[in-house]
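Colleague: Dropping a prediction and its sequence here:
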Amino acid sequence: MPTKTIAILTSGGDAPGMNAAIRAIVRSAITKGITPLGIKHGYSGLLNYDIWEMTIRTVSDIIERGGTILYTARTPKFFNEDDIQKAAENCRKSKIDGIIIIGGDGSIRGADCLAQHGIKCVCLPGTIDNDIACSERSIGFDTAINTATSMIDKIRDTAQSHERCSVVEVMGRKSGNIAVKTGIAVGATAILIPEYKFNFEKDILERINFTQKMGKKHFIIIVAEGLNIVDEIMEKITKTTGIDSRATILGHVQRGGSPTAFDRVMASEMGCYAVELLSHGISNKVVAVKNNKLFAIGISDALKAKKSFDFRLYERALEISI
Ligand code: F6P
């Protein structure tokens, strides 16, 4: 049966570049003679029938906008069997031949539930955390590390002027990916991540003392959100070194803003690829990146995959932050 209608939904935390993906999906679908439908508010929209037809013009002027024009929601409720059945039934009633879901791990799990009820799904990795195991990159990560970098550059100005130590918490849930990349980009003296069990003496104090002896007078310490210790570290540094310290939680600023060109291009390519898969009758896949190339992996394999952490990059960061 040819694919006549494709629906799109964004779910979980929004990520810059989601709009670029939506735009690509809508336009690529229309070019192929497929009707694109937008589902609002993530999986809740599927339950509440919040579905409308999208046109070439409904996605004008959104490629440069952060967030998602489809809105998003975290819906743990969706994993309830009655809701999944209702959502699958609503897909059939709306004559949806396939759904493209843009989101993180939880969103992929939601797609897996729908797929098990006969709904054809393709997922795009969309999260600033870059913690989706099957893909080297997720939509929004590049923008988030650029935003964090530019915010911390501002913090550095004041840390340098006051000769202070700034301890900055970055997002990333249980992953240290944002912390490590941002840490390199801002020349952090120490980077604390959930993937590595740090020792305060060795990984913070010794590094501050060593760089201080080499003439350094201000310090940036990056702390991944998953550790939840930014204030504690700031207080301990002040107490043990006497260096005046301040803690900053960057927070949701990292999730907003105009996507970088990198995220726009990758999201656009992913969107077109997802439509191509569904139009060829291929479904229940996650679009992923390996060595800068897109490929499709089965949803269940994607959920089983384990993300390896780039410790080489982490070591490099520390090697040069002196
Ligand atoms: O997954 C993206 C993310 O921003 C995480 O880095 C963070 O832990 C979480 O979402 C915050 O979620 P919320 O906006 O629901 O508080």
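Modeller: That came in fine, so what should we check first? All values derive from a computational prediction rather than experimental measurement.

Colleague: list the contacts for the closest residue to the ligand within the stretch 51-200 of the chain?
Modeller: Minimum separation of the stretch 51-200 of the chain from the ligand (Cβ to the nearest ligand atom) falls at Met171, amounting to 3.4 Å. C-betas here are computed from N, CA, C, even on glycine. Listed by Cβ atoms under 8 Å, 6 or more residues apart in numbering, the contact set of Met171 reads 128-129, 144, 148, 178, 225, 250-251, 254-255.

Colleague: same check, this time on Val180
Modeller: By Cβ under 8 Å, 6+ apart, the neighbours of Val180 are 191, 193, 310, 313-314, 317.

Colleague: can you tell me the distance between the two ends of stretch 291-303?
Modeller: End-to-end span of stretch 291-303 (Cα to Cα, to the nearest Å): 20 Å.

Colleague: Buried residues of it, list them for me.
Modeller: 294, 296-297, 299, 302-303 (16 or more other Cβ atoms under 10 Å).

Colleague: for Met208, helix, strand, or coil?
Modeller: In this structure residue 208 is Ile, not Met. helix (DSSP: H, G, I helix; E, B strand; the rest coil).

Colleague: Distance check, it against the ligand.
Modeller: Relative to the ligand, Ile208 is positioned 27 Å away (Cβ to the nearest ligand atom, to the nearest Å).

Colleague: Just confirm that residue contacts Lys217, I think it does.
Modeller: No: taking contacts as Cβ atoms under 8 Å, Ile208 lies outside contact range of Lys217: 10.9 Å.

Colleague: ok, which residues in the stretch 151-300 of the chain are in contact with the ligand?
Modeller: 171-173, 225, 255 (Cβ under 6 Å from any ligand atom).

Colleague: re the thing from before, report the buried members of the contacts of Met171.
Modeller: Here, 16+ other Cβ under 10 Å leaves 128-129, 144, 148, 178, 225, 250, 254-255 buried among those.

Colleague: Output those in CSV; the columns should cover secondary structure and distance to Thr68.
Modeller: Shown next, in CSV, are these (DSSP: H, G, I helix; E, B strand; the rest coil; distance: Cβ to Cβ, whole Å):
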residue, secondary structure, distance to Thr68
Ile128, coil, 13
Asp129, coil, 16
Ala144, helix, 15
Ala148, helix, 20
Ile178, helix, 20
Glu225, helix, 22
Leu250, coil, 21
Gln254, helix, 16
Arg255, helix, 11
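
Colleague: Need the max-distance pair from those.
Modeller: Asp129 and Leu250 (13.6 Å; Cβ to Cβ).

Colleague: Skipping adjacent residues, who's closest to Thr149 in space?
Modeller: Nearest non-adjacent residue to Thr149, counting by Cβ to Cβ, 6 or more residues apart in numbering: Ala185, 4.3 Å away.

Colleague: Residue of the stretch 1-150 of the chain nearest the ligand, please.
Modeller: Gly13 (3.4 Å).

Colleague: Which element, helix or strand, includes the nearest residue to Gly118 once chain neighbours are set aside?
Modeller: Computed as Cβ to Cβ, 6+ apart, the closest residue to Gly118 that is not its neighbour in sequence is Ala88, at 6.5 Å. Using DSSP states H and E, Ala88 sits within helix 81-93.

Colleague: So which bits of that helix are buried?
Modeller: For helix 81-93, by 16+ other Cβ under 10 Å, it's 83-84, 86-88, 90-91.

Colleague: was I right about Ile220 contacting Thr189?
Modeller: Yes: between Ile220 and Thr189 there is a contact at 6.2 Å, judged by Cβ under 8 Å.

Colleague: can you pull the pLDDT of the residue nearest to Ile145 when sequence neighbours are not counted?
Modeller: Excluding the flanking residues, the one nearest Ile145 by Cβ to Cβ, 6+ apart is Lys181, at 4.6 Å. Model confidence at Lys181, given as pLDDT, is 97.

Colleague: returning to what we had before: part of a helix, is the residue nearest to Thr149?
Modeller: Yes: when three-state DSSP is applied, Ala185 is found to be in a helix.

Colleague: measure it to Lys4 for me?
Modeller: Counting by Cβ to Cβ, to the nearest Å, the gap between Ala185 and Lys4 amounts to 46 Å.

Colleague: Please identify which of these two sits among more neighbours.
Modeller: Ala185 (17 against 13; other Cβ atoms under 10 Å).
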